[in-house]
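Engineer: Sharing a sequence plus its predicted fold:
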Amino acid sequence: MKNIYLLVFLVFISCGKSIEDNCFQDNADEAEVYKEEVPFTVQEILSHKPDYLTISKLKKYRSFKEDSISSHFYDINNEKEELRKYEDHKKYYAKFDSLFNGQFAFSSKQFLDGKEYALAKNELGFWLVKIENDKPYAYFLGLSFSHYYINEVQTDPIVKNGKLQLLGSLVQIIKVPGLPGYDDYSAIDDGRLFSIKLSDLEKDSDNDGYNDIFEESFGLNPDSEDSDSDGVDDFNDLNPLFKSEKNKFTSLFEQLLPKYATSVGQNFKKMNYYFVVYDNDCEYFQHVNPELRTIIIPEETSKRSYYLRVTDVINGGISKMKKDKKNPDKFYILKWGSSSTTDYCVEFINGKWKINITSSTVV
């Protein structure tokens, strides 16, 4: 019996990809083909909805079209009035913006039982934020903006009877013709009420500062305050999913990652709800010690949480390293972001990386 277990283990190991497979590529270019995703139907969205979410149909409601048009309308013929609205909004949410270090866009502020609530959104998704005794709290909703549209204008209080209640619609992503990767949204089931118990939202089993919904959505361990067991709790770990290590390749990737932007007046180390997300299976990349809060998710979609399978939260990427045919210390790497690509030629000389940009494109 022991021999059978050993054989199964060896087969499993042999089938797994090695560091060589995950981090390096052959000299032949690996062409990436754009694949358009098939939109989800209403029934598919409802069948995959989180268990903690209740969805009700409304008879009277503010439609997706009305809300989206009015919320994003800018009167170019009356810029003074638009500027006034912007400044009023900024002042109205100044306390939230200050305590949360500019991590969110806010709407639907509400006072209740000595607490201040607001709906918040960033590149990761929707949040309920709260200020209690001048201390900020943020609770991730786990509702993909690929499926759910939350009205900018909420006609009723968002927190009521121990629940978060949000007016909105079920939507699907529609592709902009001729522009692969550029998305727009269309309502496929208008007039919905999304409800979540506050007790479900605020549940933080390991008391690390992130609610269970966030940790389950992004692959962290909701039962351990230190998911990667590196001695730094998830809330303060800049790379909470992987232990940081030091070798020549992690050093290279750290130099290619975004830098800590002190020049813009932001303290990113205090921005606990702001993450740069990459999909990368290279162990060297996974073990970086980044300057910006970073989550690294699997490249293979099937290995991700449902939220990450249906929600595009990836900020950019760094390709596998292509080896130089003649020089074993020289490599070629492609880095891309939301609107640019950059090709690098890197060489390890005397214990340091020499990094040269060979080409750059801005979309």
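Structural biologist: Happy to help now that I have it.
Engineer: Show me what the longest strand seen in the chain is packed up against.
Structural biologist: Secondary structure assigned by DSSP state E gives strand 183-197 as the longest strand of the chain. Packing contacts for strand 183-197, counted by 3 or more C-beta pairs under 8 Å, 6 or more residues apart in numbering; DSSP states H and E, involve strand 53-57, helix 64-72, strand 148-150, strand 163-175. All C-beta spots, glycine's among them, are computed from the backbone N, C-alpha and C.
Engineer: any chance of the ones you listed in TSV, plus mean pLDDT, distance to Lys17 and mean neighbour count?
Structural biologist: Below are these laid out as TSV (pLDDT from 0 to 100; distance: least, C-beta to C-beta, whole Å; neighbours: other C-beta atoms under 10 Å):
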stretch	mean pLDDT	distance to Lys17	mean neighbour count
strand 53-57	97	36	13
helix 64-72	87	43	14
strand 148-150	97	35	22
strand 163-175	92	30	20
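Engineer: Is it possible to get CSV of those that adds distance to Lys90?
Structural biologist: As requested, these are exported to CSV (distance: least, C-beta to C-beta, whole Å):
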stretch, distance to Lys90
strand 53-57, 31
helix 64-72, 16
strand 148-150, 21
strand 163-175, 23
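Engineer: Among the ones you listed, which comes closest to Val129?
Structural biologist: Nearest to Val129 among those is strand 163-175 (11.1 Å), distances taken as C-beta to C-beta.
Engineer: ranges for the strands of the stretch 251-363 of the chain?
Structural biologist: Secondary structure of the stretch 251-363 of the chain by DSSP state E, counting those that start in this stretch: the strands cover 276-279, 294-297, 317-318, 321-323, 330-336, 340-349, 352-362.
Engineer: Switch those over to JSON lines; also include mean pLDDT.
Structural biologist: Converted to JSON lines, these look like this (pLDDT from 0 to 100):
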{"stretch": "strand 276-279", "mean pLDDT": "96"}
{"stretch": "strand 294-297", "mean pLDDT": "96"}
{"stretch": "strand 317-318", "mean pLDDT": "95"}
{"stretch": "strand 321-323", "mean pLDDT": "96"}
{"stretch": "strand 330-336", "mean pLDDT": "96"}
{"stretch": "strand 340-349", "mean pLDDT": "96"}
{"stretch": "strand 352-362", "mean pLDDT": "94"}
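Engineer: Okay, now the unreliable bits of the stretch 101-250 of the chain?
Structural biologist: 175-183 (pLDDT under 70).
Engineer: Where do the strands of it begin and end?
Structural biologist: 105-112, 115-122, 125-132, 135-140, 148-150, 159-160, 163-175, 183-197.
Engineer: Run through who's touching the shortest one.
Structural biologist: So the one you mean is strand 159-160. Applying C-beta atoms under 8 Å, 6 or more residues apart in numbering, the set of residues contacting strand 159-160 from outside is 110, 112, 117, 128, 165, 198.
Engineer: and of these, the nearest to Gln103?
Structural biologist: The closest of these, once distances to Gln103 are taken by C-beta to C-beta, is Leu128, at 13.8 Å.
Engineer: Spatially, and excluding backbone neighbours, which residue is closest to the closest one.
Structural biologist: With C-beta to C-beta, 6 or more residues apart in numbering as the criterion, Leu128 has its nearest non-adjacent residue at 4.7 Å, and that residue is Tyr139.
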